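Participant: Here is my input, please return the structure:
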Amino acid sequence: MLDWNAYRQQLAHRIGELGRLSPETVRGYKGLSQAGDKTNHLGAKTRELIALAVAVTRECDGCIAVHTDAALKQGATQEEIAEALGVAIAVNAGAALVYSSRVMDAVSQAGAA
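Facilitator: As a prediction, this is how the structure comes out:
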C-alpha cells in the first residue's frame, strides 16, 4: 500500500518547486481550488467529498491523498466518504452504460453499410 502521508508531503514539495518556477500557474490553480470558499454554498466537507469522488473518477492518487486528508479534517466520516465513493462508482458505471449505447449504434450503422 502507498504511504499516503509521505506521498502528500512529496507532492507538496514538488508543487512548491513548480510554484517557484511557474508561480502564475500554481496561483491560478489555487484560485480555482479556493473559489468555493468564497461562496461556501456547499460547505467545505461537501466540497471535499465531491473532490474525492472526482479523484477516483480521474484516477488521481495525488488528489486522493490531498482530499482524503482534507475531508477528514473537515469532519467527514468513513461512512460519508464511502457514500461519496459509491456515487463515483455509480456515475462511472452509468457513463459506461451510456457509451455502450454508442457502441451499439456504431454496430447498427456498420451492419447497415
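
Participant: Could you point out the longest helix of this protein?
Facilitator: Using DSSP state H, we find that the single longest helix of the chain is helix 78-112.

Participant: Who are the packing partners of that one?
Facilitator: Applying 3 or more CB pairs under 8 Å, 6 or more residues apart in numbering; DSSP states H and E, we find helix 78-112 packed against helix 44-58, helix 61-73. All C-beta atoms are positioned from the backbone trio N, CA, C, and that covers glycine.

Participant: List the residues that contact the residue sitting nearest the centre point of the chain.
Facilitator: The centre of the chain sits closest to A55, judged by CA atoms, centre = their mean, with a distance of 2.3 Å. For A55, the contact set (CB atoms under 8 Å, 6 or more residues apart in numbering) comprises C63, I64, H67.

Participant: Name the helix or strand of the protein that has the lowest mean pLDDT.
Facilitator: helix 35-39 (a mean of 93; mean pLDDT, DSSP states H and E).
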